[in-house]
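# Turn this into a model:
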Amino acid sequence: MKVLLVEDDASLRRTLRLTLEAMGHAVTEAATADAAVERVGGEAHDVALLDIRLGRASGLDLLPELRREAPGLVVVLMTAYATVETAVEALRRGAYDYLAKPFTPKQLGAVLDRVGEVVALRSEVAGLRDELEAGSPGDDLATTDARFERVLGQVTRVAATEATVLLRGESGVGKGVMARRIHALSARRRGPFVTVSCPSLAGDLLESELFGHARGAFTGAVQETQGKVAAAGRGTLFLDEIGDLPLSLQPKLLRFLQEREYERVGETRTRRADVRVVAATNRDLKADVAAGRFREDLLFRLEVIEFTLPPLRERLGDVLPLARHYLQFFARQLGKRLDDFSPEARELLVAYHWPGNLREVRNAAERGAILADGPIVQAADLPDRLRGDGTAAPDGVGVGRPCTLVALEAEHIRRVLAASPTLEDAARTLGIDPSTLYRKRKRLDP
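Residues are numbered from 1 along each chain as shown. Model (predicted):
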(Lines give C-alpha, C1' and ligand atoms only; values in the text may rest on other atoms or scores of the structure.)
Protein backbone atom coordinates (compact mmCIF):
# COMPACT_ATOMS: atom_id res chain seq x y z
CA MET A 1 0.00 0.00 0.00
CA LYS A 2 0.96 3.66 -0.14
CA VAL A 3 1.62 4.69 3.48
CA LEU A 4 1.86 8.23 4.86
CA LEU A 5 4.08 8.13 7.98
CA VAL A 6 3.48 11.14 10.24
CA GLU A 7 6.04 11.07 13.08
CA ASP A 8 8.14 13.94 14.52
CA ASP A 9 10.87 11.70 16.01
CA ALA A 10 13.44 11.39 13.19
CA SER A 11 15.03 8.23 14.55
CA LEU A 12 11.71 6.41 15.02
CA ARG A 13 10.50 7.68 11.66
CA ARG A 14 13.54 6.16 9.92
CA THR A 15 13.09 2.85 11.73
CA LEU A 16 9.41 2.68 10.83
CA ARG A 17 10.13 3.57 7.22
CA LEU A 18 12.66 0.75 6.87
CA THR A 19 10.21 -1.67 8.53
CA LEU A 20 7.34 -0.65 6.24
CA GLU A 21 9.48 -0.85 3.12
CA ALA A 22 10.66 -4.31 4.15
CA MET A 23 6.98 -5.29 4.28
CA GLY A 24 6.60 -4.12 0.68
CA HIS A 25 4.82 -0.81 1.27
CA ALA A 26 5.67 2.54 -0.37
CA VAL A 27 6.27 5.23 2.26
CA THR A 28 5.91 9.02 2.29
CA GLU A 29 7.23 10.82 5.39
CA ALA A 30 5.95 13.89 7.22
CA ALA A 31 7.43 15.32 10.42
CA THR A 32 4.79 18.00 11.10
CA ALA A 33 1.05 18.50 10.81
CA ASP A 34 1.44 21.02 7.98
CA ALA A 35 3.69 18.64 6.05
CA ALA A 36 1.16 15.83 6.53
CA VAL A 37 -1.65 17.95 5.07
CA GLU A 38 0.58 18.92 2.15
CA ARG A 39 1.57 15.30 1.45
CA VAL A 40 -1.97 13.92 1.60
CA GLY A 41 -3.24 16.75 -0.58
CA GLY A 42 -0.52 16.28 -3.15
CA GLU A 43 -0.72 12.51 -3.65
CA ALA A 44 -3.13 9.67 -2.95
CA HIS A 45 -2.37 7.37 0.00
CA ASP A 46 -4.10 4.24 1.27
CA VAL A 47 -3.27 4.61 4.97
CA ALA A 48 -1.75 7.17 7.35
CA LEU A 49 0.23 6.14 10.43
CA LEU A 50 -0.27 9.21 12.61
CA ASP A 51 1.58 9.99 15.84
CA ILE A 52 -0.71 11.47 18.48
CA ARG A 53 2.00 13.93 19.64
CA LEU A 54 3.52 16.08 16.89
CA GLY A 55 5.52 18.67 18.81
CA ARG A 56 2.95 21.25 19.85
CA ALA A 57 0.32 19.85 17.48
CA SER A 58 -2.11 17.02 18.24
CA GLY A 59 -2.61 14.06 15.96
CA LEU A 60 -6.21 13.86 17.18
CA ASP A 61 -6.83 17.39 15.90
CA LEU A 62 -5.03 16.65 12.62
CA LEU A 63 -6.97 13.47 11.96
CA PRO A 64 -10.28 15.08 10.79
CA GLU A 65 -8.35 17.49 8.58
CA LEU A 66 -6.53 14.62 6.86
CA ARG A 67 -9.82 12.81 6.25
CA ARG A 68 -11.42 15.96 4.85
CA GLU A 69 -8.50 16.31 2.46
CA ALA A 70 -8.61 12.61 1.48
CA PRO A 71 -12.01 11.08 2.36
CA GLY A 72 -10.91 7.51 1.57
CA LEU A 73 -7.76 7.65 3.72
CA VAL A 74 -7.52 5.01 6.48
CA VAL A 75 -5.89 6.49 9.59
CA VAL A 76 -4.10 4.49 12.30
CA LEU A 77 -3.00 6.47 15.35
CA MET A 78 0.29 5.74 17.17
CA THR A 79 0.54 6.75 20.81
CA ALA A 80 2.71 6.19 23.84
CA TYR A 81 -0.19 7.36 26.02
CA ALA A 82 -2.77 4.69 25.23
CA THR A 83 -5.86 4.83 27.40
CA VAL A 84 -9.46 3.82 26.88
CA GLU A 85 -10.41 7.50 26.62
CA THR A 86 -7.76 8.11 23.94
CA ALA A 87 -8.93 5.11 21.95
CA VAL A 88 -12.58 6.16 22.11
CA GLU A 89 -11.75 9.72 21.06
CA ALA A 90 -9.56 8.49 18.19
CA LEU A 91 -12.34 6.29 16.85
CA ARG A 92 -14.88 9.09 17.29
CA ARG A 93 -12.75 11.39 15.13
CA GLY A 94 -12.49 8.83 12.36
CA ALA A 95 -9.45 6.65 13.13
CA TYR A 96 -9.61 3.04 11.94
CA ASP A 97 -7.36 1.70 14.72
CA TYR A 98 -4.49 2.68 17.01
CA LEU A 99 -1.11 1.26 18.01
CA ALA A 100 0.29 1.64 21.51
CA LYS A 101 4.02 2.46 21.58
CA PRO A 102 6.30 0.61 21.73
CA PHE A 103 4.94 -1.90 19.23
CA THR A 104 6.63 -4.73 17.37
CA PRO A 105 6.89 -5.17 13.59
CA LYS A 106 4.51 -8.11 13.96
CA GLN A 107 1.89 -5.90 15.64
CA LEU A 108 2.33 -3.25 12.94
CA GLY A 109 2.03 -5.85 10.20
CA ALA A 110 -1.15 -7.26 11.72
CA VAL A 111 -2.81 -3.82 11.74
CA LEU A 112 -1.71 -3.12 8.16
CA ASP A 113 -3.00 -6.51 7.02
CA ARG A 114 -6.44 -5.53 8.33
CA VAL A 115 -6.16 -2.16 6.62
CA GLY A 116 -5.20 -3.90 3.38
CA GLU A 117 -8.36 -6.00 3.57
CA VAL A 118 -10.43 -2.84 3.98
CA VAL A 119 -8.73 -1.14 1.02
CA ALA A 120 -9.18 -4.23 -1.17
CA LEU A 121 -12.82 -4.60 -0.11
CA ARG A 122 -13.57 -0.98 -0.94
CA SER A 123 -12.07 -1.43 -4.38
CA GLU A 124 -14.05 -4.62 -4.96
CA VAL A 125 -17.29 -2.98 -3.83
CA ALA A 126 -16.64 -0.01 -6.12
CA GLY A 127 -16.04 -2.36 -9.04
CA LEU A 128 -19.20 -4.34 -8.32
CA ARG A 129 -21.18 -1.11 -8.01
CA ASP A 130 -19.90 0.02 -11.40
CA GLU A 131 -20.90 -3.31 -12.94
CA LEU A 132 -24.37 -3.10 -11.43
CA GLU A 133 -24.83 0.45 -12.66
CA ALA A 134 -23.74 -0.62 -16.13
CA GLY A 135 -26.01 -3.67 -15.96
CA SER A 136 -23.11 -5.66 -17.30
CA PRO A 137 -23.84 -9.23 -18.42
CA GLY A 138 -20.13 -10.06 -18.31
CA ASP A 139 -17.61 -10.62 -21.06
CA ASP A 140 -18.84 -9.08 -24.33
CA LEU A 141 -15.50 -9.62 -26.08
CA ALA A 142 -15.55 -13.32 -26.92
CA THR A 143 -14.83 -13.76 -30.62
CA THR A 144 -14.09 -16.20 -33.41
CA ASP A 145 -12.77 -13.43 -35.68
CA ALA A 146 -9.02 -13.75 -36.34
CA ARG A 147 -8.42 -9.99 -36.55
CA PHE A 148 -10.22 -9.29 -33.30
CA GLU A 149 -8.43 -12.20 -31.62
CA ARG A 150 -5.13 -10.54 -32.51
CA VAL A 151 -6.34 -7.29 -30.95
CA LEU A 152 -7.34 -9.14 -27.77
CA GLY A 153 -3.93 -10.80 -27.59
CA GLN A 154 -2.15 -7.47 -27.97
CA VAL A 155 -4.41 -5.92 -25.32
CA THR A 156 -3.43 -8.67 -22.88
CA ARG A 157 0.26 -7.85 -23.35
CA VAL A 158 -0.23 -4.08 -23.11
CA ALA A 159 -2.43 -4.34 -20.01
CA ALA A 160 0.56 -5.45 -17.94
CA THR A 161 2.35 -2.16 -18.68
CA GLU A 162 1.64 1.38 -17.48
CA ALA A 163 1.22 2.76 -21.02
CA THR A 164 -1.63 5.11 -21.86
CA VAL A 165 -4.06 3.39 -24.24
CA LEU A 166 -6.41 4.89 -26.83
CA LEU A 167 -9.34 2.74 -27.96
CA ARG A 168 -10.98 3.62 -31.28
CA GLY A 169 -14.19 2.31 -32.76
CA GLU A 170 -17.81 2.99 -33.52
CA SER A 171 -20.37 3.58 -30.82
CA GLY A 172 -21.34 0.32 -29.14
CA VAL A 173 -18.36 -1.83 -30.21
CA GLY A 174 -17.30 -2.43 -26.60
CA LYS A 175 -14.66 0.21 -25.92
CA GLY A 176 -15.77 0.53 -22.30
CA VAL A 177 -15.71 -3.24 -21.88
CA MET A 178 -12.21 -3.33 -23.35
CA ALA A 179 -11.07 -0.61 -20.96
CA ARG A 180 -12.32 -2.71 -18.05
CA ARG A 181 -10.45 -5.71 -19.42
CA ILE A 182 -7.21 -3.69 -19.53
CA HIS A 183 -7.77 -2.69 -15.91
CA ALA A 184 -8.62 -6.26 -14.83
CA LEU A 185 -5.44 -7.65 -16.43
CA SER A 186 -3.16 -4.93 -15.04
CA ALA A 187 -1.21 -4.66 -11.80
CA ARG A 188 -3.77 -2.01 -10.80
CA ARG A 189 -6.71 -4.43 -10.82
CA ARG A 190 -7.20 -4.10 -7.06
CA GLY A 191 -7.49 -0.34 -7.44
CA PRO A 192 -10.62 1.51 -8.59
CA PHE A 193 -11.83 1.76 -12.18
CA VAL A 194 -13.29 5.25 -12.62
CA THR A 195 -15.11 6.49 -15.73
CA VAL A 196 -15.38 10.09 -16.92
CA SER A 197 -17.87 10.67 -19.74
CA CYS A 198 -16.39 13.63 -21.61
CA PRO A 199 -19.59 14.64 -23.50
CA SER A 200 -21.70 14.61 -20.33
CA LEU A 201 -20.93 18.10 -18.96
CA ALA A 202 -19.95 21.58 -20.10
CA GLY A 203 -16.29 22.63 -19.82
CA ASP A 204 -16.26 24.15 -16.30
CA LEU A 205 -18.37 21.39 -14.77
CA LEU A 206 -16.35 18.71 -16.52
CA GLU A 207 -13.12 20.18 -15.14
CA SER A 208 -14.61 20.06 -11.66
CA GLU A 209 -15.75 16.45 -12.13
CA LEU A 210 -12.33 15.48 -13.44
CA PHE A 211 -10.02 17.33 -11.04
CA GLY A 212 -12.35 18.32 -8.18
CA HIS A 213 -12.99 21.76 -6.74
CA ALA A 214 -12.50 23.77 -3.57
CA ARG A 215 -15.37 24.98 -1.48
CA GLY A 216 -16.66 28.29 -2.87
CA ALA A 217 -14.82 27.83 -6.19
CA PHE A 218 -18.04 28.70 -8.04
CA THR A 219 -21.72 29.27 -7.38
CA GLY A 220 -23.15 26.15 -5.80
CA ALA A 221 -19.80 24.76 -4.65
CA VAL A 222 -20.91 24.46 -1.02
CA GLN A 223 -18.34 21.77 -0.24
CA GLU A 224 -15.08 20.59 -1.73
CA THR A 225 -14.94 17.52 -3.97
CA GLN A 226 -11.93 15.35 -4.70
CA GLY A 227 -12.72 14.70 -8.38
CA LYS A 228 -12.50 11.55 -10.50
CA VAL A 229 -8.69 11.75 -10.86
CA ALA A 230 -8.21 11.47 -7.11
CA ALA A 231 -10.93 8.81 -6.85
CA ALA A 232 -9.02 6.69 -9.38
CA GLY A 233 -5.82 6.81 -7.29
CA ARG A 234 -3.69 3.65 -7.78
CA GLY A 235 -6.28 2.41 -10.30
CA THR A 236 -7.43 3.23 -13.82
CA LEU A 237 -9.06 6.41 -15.13
CA PHE A 238 -11.21 5.78 -18.23
CA LEU A 239 -11.87 8.88 -20.35
CA ASP A 240 -14.86 7.92 -22.49
CA GLU A 241 -15.37 9.76 -25.81
CA ILE A 242 -12.24 11.85 -25.34
CA GLY A 243 -12.87 13.50 -28.72
CA ASP A 244 -15.67 15.53 -27.10
CA LEU A 245 -13.36 17.04 -24.46
CA PRO A 246 -13.69 20.86 -24.63
CA LEU A 247 -10.71 22.58 -26.23
CA SER A 248 -10.27 24.78 -23.13
CA LEU A 249 -9.73 21.72 -20.93
CA GLN A 250 -7.32 19.91 -23.24
CA PRO A 251 -4.12 21.71 -22.06
CA LYS A 252 -4.89 20.73 -18.45
CA LEU A 253 -5.40 17.12 -19.40
CA LEU A 254 -2.17 17.21 -21.43
CA ARG A 255 -0.25 18.47 -18.42
CA PHE A 256 -1.80 15.75 -16.26
CA LEU A 257 -0.84 13.03 -18.75
CA GLN A 258 2.73 14.32 -18.92
CA GLU A 259 3.38 15.04 -15.25
CA ARG A 260 0.51 13.41 -13.33
CA GLU A 261 -0.01 16.80 -11.67
CA TYR A 262 -3.14 18.96 -11.46
CA GLU A 263 -4.97 21.56 -9.39
CA ARG A 264 -8.54 21.47 -8.20
CA VAL A 265 -10.81 24.25 -9.48
CA GLY A 266 -10.43 27.23 -7.15
CA GLU A 267 -7.10 26.05 -5.68
CA THR A 268 -3.45 26.80 -6.38
CA ARG A 269 -2.01 23.76 -4.60
CA THR A 270 -0.50 21.25 -7.01
CA ARG A 271 -1.58 17.66 -6.45
CA ARG A 272 -0.31 14.38 -7.83
CA ALA A 273 -2.21 11.27 -8.78
CA ASP A 274 -0.97 7.75 -9.38
CA VAL A 275 -3.35 6.54 -12.10
CA ARG A 276 -3.26 4.72 -15.42
CA VAL A 277 -5.21 6.43 -18.21
CA VAL A 278 -7.27 4.66 -20.87
CA ALA A 279 -9.22 6.79 -23.37
CA ALA A 280 -11.79 5.95 -26.03
CA THR A 281 -13.28 7.73 -29.03
CA ASN A 282 -15.58 7.12 -31.98
CA ARG A 283 -14.28 10.23 -33.75
CA ASP A 284 -11.53 10.75 -36.30
CA LEU A 285 -9.16 12.67 -34.01
CA LYS A 286 -6.68 13.39 -36.80
CA ALA A 287 -9.47 15.15 -38.70
CA ASP A 288 -10.38 17.01 -35.49
CA VAL A 289 -6.73 18.09 -35.16
CA ALA A 290 -6.77 19.39 -38.74
CA ALA A 291 -10.01 21.26 -38.02
CA GLY A 292 -8.58 22.83 -34.85
CA ARG A 293 -10.96 20.97 -32.53
CA PHE A 294 -8.34 18.78 -30.87
CA ARG A 295 -4.74 19.42 -29.84
CA GLU A 296 -2.13 17.47 -31.76
CA ASP A 297 0.21 17.22 -28.76
CA LEU A 298 -2.62 15.76 -26.67
CA LEU A 299 -3.34 13.20 -29.38
CA PHE A 300 0.33 12.17 -29.38
CA ARG A 301 0.19 11.62 -25.61
CA LEU A 302 -3.03 9.60 -25.83
CA GLU A 303 -2.05 7.25 -28.64
CA VAL A 304 1.07 5.75 -27.03
CA ILE A 305 -0.74 2.45 -27.63
CA GLU A 306 -3.74 2.48 -29.96
CA PHE A 307 -6.29 -0.22 -30.75
CA THR A 308 -9.17 -0.10 -33.22
CA LEU A 309 -12.10 -2.34 -32.35
CA PRO A 310 -13.84 -3.66 -35.49
CA PRO A 311 -17.59 -3.13 -35.88
CA LEU A 312 -19.84 -6.15 -35.50
CA ARG A 313 -20.78 -6.16 -39.20
CA GLU A 314 -17.16 -7.12 -39.91
CA ARG A 315 -17.32 -10.12 -37.56
CA LEU A 316 -20.85 -11.44 -38.10
CA GLY A 317 -19.76 -14.88 -36.88
CA ASP A 318 -19.83 -13.43 -33.36
CA VAL A 319 -23.47 -12.27 -33.54
CA LEU A 320 -25.20 -15.52 -32.52
CA PRO A 321 -22.82 -16.34 -29.63
CA LEU A 322 -23.22 -12.77 -28.33
CA ALA A 323 -27.01 -12.84 -28.71
CA ARG A 324 -27.18 -16.14 -26.81
CA HIS A 325 -24.85 -14.77 -24.13
CA TYR A 326 -27.12 -11.73 -23.62
CA LEU A 327 -30.24 -13.90 -23.77
CA GLN A 328 -29.07 -16.01 -20.83
CA PHE A 329 -28.16 -12.89 -18.88
CA PHE A 330 -31.66 -11.45 -19.28
CA ALA A 331 -33.25 -14.84 -18.65
CA ARG A 332 -31.58 -14.89 -15.23
CA GLN A 333 -32.70 -11.32 -14.55
CA LEU A 334 -36.29 -12.13 -15.52
CA GLY A 335 -36.36 -15.51 -13.81
CA LYS A 336 -37.35 -17.22 -17.07
CA ARG A 337 -36.15 -20.34 -18.84
CA LEU A 338 -34.91 -19.35 -22.28
CA ASP A 339 -33.04 -21.98 -24.28
CA ASP A 340 -32.31 -20.39 -27.65
CA PHE A 341 -33.59 -18.47 -30.67
CA SER A 342 -35.78 -20.16 -33.27
CA PRO A 343 -34.24 -20.91 -36.70
CA GLU A 344 -36.14 -17.95 -38.19
CA ALA A 345 -34.92 -15.65 -35.41
CA ARG A 346 -31.34 -16.83 -35.93
CA GLU A 347 -31.62 -16.05 -39.63
CA LEU A 348 -32.70 -12.50 -38.82
CA LEU A 349 -29.86 -12.07 -36.36
CA VAL A 350 -27.10 -13.12 -38.76
CA ALA A 351 -28.58 -11.26 -41.77
CA TYR A 352 -28.81 -7.87 -40.04
CA HIS A 353 -25.87 -5.43 -40.29
CA TRP A 354 -25.99 -4.16 -36.65
CA PRO A 355 -25.17 -0.43 -36.93
CA GLY A 356 -25.44 -0.19 -33.14
CA ASN A 357 -22.95 -3.04 -32.64
CA LEU A 358 -22.91 -4.83 -29.26
CA ARG A 359 -25.38 -2.41 -27.70
CA GLU A 360 -27.96 -3.12 -30.39
CA VAL A 361 -27.51 -6.91 -30.06
CA ARG A 362 -28.00 -6.58 -26.34
CA ASN A 363 -31.17 -4.51 -26.81
CA ALA A 364 -32.55 -7.04 -29.30
CA ALA A 365 -31.82 -9.94 -26.93
CA GLU A 366 -33.46 -8.10 -24.04
CA ARG A 367 -36.61 -7.47 -26.09
CA GLY A 368 -36.68 -11.12 -27.14
CA ALA A 369 -36.25 -12.28 -23.55
CA ILE A 370 -39.11 -10.09 -22.36
CA LEU A 371 -41.58 -10.97 -25.14
CA ALA A 372 -40.87 -14.70 -25.50
CA ASP A 373 -43.82 -16.85 -24.42
CA GLY A 374 -41.83 -20.06 -24.12
CA PRO A 375 -38.23 -21.23 -23.92
CA ILE A 376 -37.55 -20.33 -27.57
CA VAL A 377 -37.36 -16.72 -28.76
CA GLN A 378 -39.30 -16.38 -32.02
CA ALA A 379 -38.64 -14.02 -34.93
CA ALA A 380 -41.74 -12.02 -33.96
CA ASP A 381 -40.16 -11.33 -30.55
CA LEU A 382 -37.23 -9.48 -32.11
CA PRO A 383 -37.22 -5.78 -33.13
CA ASP A 384 -39.03 -4.96 -36.38
CA ARG A 385 -35.90 -3.38 -37.87
CA LEU A 386 -34.31 -6.82 -38.18
CA ARG A 387 -36.85 -7.81 -40.85
CA GLY A 388 -35.59 -7.84 -44.42
CA ASP A 389 -32.12 -8.65 -45.70
CA GLY A 390 -30.18 -6.69 -43.11
CA THR A 391 -29.32 -3.81 -45.43
CA ALA A 392 -32.75 -2.84 -46.70
CA ALA A 393 -35.96 -1.97 -44.92
CA PRO A 394 -39.10 -4.06 -45.58
CA ASP A 395 -40.46 -1.40 -47.94
CA GLY A 396 -37.46 -1.74 -50.27
CA VAL A 397 -35.52 1.27 -49.01
CA GLY A 398 -31.80 0.51 -49.11
CA VAL A 399 -28.42 1.48 -50.56
CA GLY A 400 -28.45 0.94 -54.33
CA ARG A 401 -32.20 0.27 -54.45
CA PRO A 402 -34.67 2.40 -56.42
CA CYS A 403 -35.57 4.84 -53.65
CA THR A 404 -35.22 8.56 -52.98
CA LEU A 405 -32.42 10.09 -50.89
CA VAL A 406 -35.09 11.40 -48.51
CA ALA A 407 -36.41 7.87 -47.89
CA LEU A 408 -32.88 6.49 -47.52
CA GLU A 409 -31.95 9.20 -45.00
CA ALA A 410 -35.15 8.62 -43.04
CA GLU A 411 -34.51 4.89 -42.78
CA HIS A 412 -30.89 5.42 -41.75
CA ILE A 413 -31.92 7.90 -39.04
CA ARG A 414 -34.54 5.48 -37.70
CA ARG A 415 -32.00 2.66 -37.45
CA VAL A 416 -29.35 4.80 -35.76
CA LEU A 417 -31.91 6.14 -33.28
CA ALA A 418 -33.03 2.60 -32.50
CA ALA A 419 -29.46 1.49 -31.88
CA SER A 420 -28.40 4.47 -29.74
CA PRO A 421 -29.09 4.92 -26.01
CA THR A 422 -29.62 8.69 -26.29
CA LEU A 423 -30.38 11.34 -28.88
CA GLU A 424 -26.90 12.79 -28.34
CA ASP A 425 -25.25 9.43 -29.10
CA ALA A 426 -27.30 9.12 -32.29
CA ALA A 427 -26.34 12.66 -33.32
CA ARG A 428 -22.65 11.86 -32.86
CA THR A 429 -22.97 8.72 -34.97
CA LEU A 430 -24.74 10.69 -37.73
CA GLY A 431 -22.27 13.58 -37.49
CA ILE A 432 -24.95 16.24 -36.94
CA ASP A 433 -26.00 18.50 -34.12
CA PRO A 434 -28.55 17.05 -31.62
CA SER A 435 -30.94 19.93 -32.34
CA THR A 436 -30.79 19.11 -36.06
CA LEU A 437 -31.48 15.45 -35.34
CA TYR A 438 -34.39 16.43 -33.10
CA ARG A 439 -36.00 18.41 -35.96
CA LYS A 440 -35.43 15.56 -38.43
CA ARG A 441 -36.94 13.06 -36.03
CA LYS A 442 -40.00 15.27 -35.56
CA ARG A 443 -40.51 15.25 -39.34
CA LEU A 444 -40.18 11.45 -39.40
CA ASP A 445 -42.69 10.94 -36.56
CA PRO A 446 -44.99 13.98 -36.45
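
# which element is the most centrally placed residue in the chain on?
For the chain, the residue nearest the mean C-alpha position is T195 (2.6 Å; Cα atoms, centre = their mean). Using DSSP states H and E, T195 sits within strand 193-197.

# per-residue confidence for the nearest residue to G72 once chain neighbours are set aside?
Computed as Cβ to Cβ, 6 or more residues apart in numbering, the closest residue to G72 that is not its neighbour in sequence is R122, at 7.1 Å. The C-beta positions use only the backbone N, C-alpha and C, and glycine is treated the same way. R122 is assigned a predicted lDDT (pLDDT) of 72.

# before we move on, the earlier item: so what's the residue nearest to the centre of the chain up against?
Residues near T195 by Cβ atoms under 8 Å, 6 or more residues apart in numbering: 130, 176, 228, 238, 240.

# what pairs with it across the strands?
The partner list for T195 in beta bridges (DSSP bridges) reads F238.

# And for G55, the neighbour number?
Look at G55: counted by other Cβ atoms under 10 Å, it has 10 neighbours.

# That one is in contact with T32, isn't it?
Yes: between G55 and T32 there is a contact under Cβ atoms under 8 Å: 6.9 Å.

# what's the overlap in contacts for the two?
Common neighbours of G55 and T32 (criterion: Cβ under 8 Å, 6+ apart): D8.

# follow-up on the earlier one: any buried residues in the strand holding T195, and which?
Of all the residues in strand 193-197, those buried under the rule 16 or more other Cβ atoms under 10 Å are 193-196.

# Could you pick out which of the contacts of T195 are located in strands?
The strands, defined by DSSP state E, take in 238, 240 from those.

# Columns neighbour count, pLDDT and distance to A10 on top of the contacts of T195, output as a markdown table?
Formatted as a markdown table, the contacts of T195 follow (neighbours: other Cβ atoms under 10 Å; pLDDT from 0 to 100; distance: Cβ to Cβ, whole Å):
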| residue | neighbour count | pLDDT | distance to A10 |
| --- | --- | --- | --- |
| D130 | 16 | 57 | 43 |
| G176 | 21 | 91 | 48 |
| K228 | 22 | 91 | 37 |
| F238 | 28 | 96 | 42 |
| D240 | 20 | 93 | 47 |
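
# What ranges in the chain fall below the confidence cut-off?
Within the chain, the segments meeting pLDDT under 70 span 82-84, 123-140, 203, 219-222, 388-403, 418-419, 421, 442-446.

# May I see the domains of it written out as residue ranges?
Residue ranges for each domain of the chain read 2-119, 135-310, 313-444, as given by automatic domain parsing.

# would you turn the buried residues of strand 193-197 into a markdown table with distance to E21?
A markdown table is the format used below for these (distance: Cβ to Cβ, whole Å):
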| residue | distance to E21 |
| --- | --- |
| F193 | 28 |
| V194 | 28 |
| T195 | 33 |
| V196 | 33 |
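
# Would you mind checking which of these is nearest to L254?
Nearest to L254 among those: V196, at 15.4 Å, using Cβ to Cβ.

# Could you tell me which residues make contact with the nearest residue to that closest one once chain neighbours are set aside?
Among residues not flanking V196 along the chain, K228 sits closest, at 5.0 Å (Cβ to Cβ, 6+ apart). Counting by Cβ under 8 Å, 6+ apart, K228 makes contact with 194-196, 209-210, 237.

# got it, and A159?
Contacts for A159 (Cβ under 8 Å, 6+ apart) come out as 181-186.

# Quick check: phi and psi on the closest residue to V229 other than its chain neighbours?
Closest residue to V229 apart from its sequence neighbours, by Cβ to Cβ, 6+ apart: A273 at 4.9 Å. Backbone torsions for A273, taken as degrees, to the nearest 10, come to phi -140, psi 140.

# A273 contacts R264, correct?
No: judged on Cβ under 8 Å, A273 makes no contact with R264 at a distance of 11.3 Å.

# quick one, helices of the stretch 151-300 of the chain?
175-184, 203-211, 227-231, 250-259, 285-290, 296-302 (DSSP state H, counting those that start in this stretch).

# Same check on the stretch 301-446 of the chain?
In the stretch 301-446 of the chain, helices defined by DSSP H, counting those that start in this stretch lie at 319-334, 343-351, 357-371, 405-419, 423-430, 434-444, listed in chain order.

# in what helix or strand does H45 lie?
Assessed by DSSP H and E, H45 sits outside every helix and strand.

# residues in contact with it?
Contacts of H45 (Cβ under 8 Å, 6+ apart): 2-4, 28, 39, 70, 73.

# now those residues as TSV including distance to L320?
Converted to TSV, the contacts of H45 look like this (distance: Cβ to Cβ, whole Å):
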residue	distance to L320
K2	46
V3	51
L4	53
T28	53
R39	55
A70	49
L73	49
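
# Tell me which stretches of the stretch 101-250 of the chain form strands.
Assigned by DSSP state E, counting those that start in this stretch, the strands in the stretch 101-250 of the chain fall at 165-168, 193-197, 236-240.

# Which neighbouring elements make contact with the shortest one?
Going back to what we said before, that points to strand 165-168. helix 175-184, strand 276-281, strand 305-308 (3 or more Cβ pairs under 8 Å, 6 or more residues apart in numbering; DSSP states H and E).

# Quick one: those as CSV, columns for distance to S435 too.
Formatted as CSV, those follow (distance: least, Cβ to Cβ, whole Å):
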stretch, distance to S435
helix 175-184, 26
strand 276-281, 22
strand 305-308, 30
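
# Quick check: which of the ones you listed is buried the most?
strand 276-281 (a mean of 26; mean count of other Cβ atoms under 10 Å).

# what's in contact with that one?
Under Cβ under 8 Å, 6+ apart, the answer for strand 276-281 is 162, 164-169, 175-176, 178-179, 182-183, 186, 188, 235-243, 257, 302.

# cool, and stretch 4-21?
3, 27-33, 35-36, 39-40, 45, 47-51, 53-55, 59, 62, 73, 78, 105, 108, 112.

# returning to what we had before: just so I know, which of the helices of the stretch 151-300 of the chain lies nearest L358?
Nearest to L358 among these is helix 175-184 (7.7 Å), distances taken as Cβ to Cβ.

# orientation of that closest one relative to helix 357-371 in degrees?
Using axes from the mean of the first three to the mean of the last three Cα atoms, to 10 degrees, one finds that helix 175-184 and helix 357-371 are set 100 degrees apart in direction.

# Taking strand 236-240 as reference, get the angle to helix 175-184.
Using the same axes, to 10 degrees: helix 175-184 against strand 236-240 is 170 degrees.

# Tell me how far helix 175-184 lies from the chain's centre.
Relative to its parent chain, helix 175-184 has a centroid offset of 9 Å by Cα atoms, centre = their mean, to the nearest Å.
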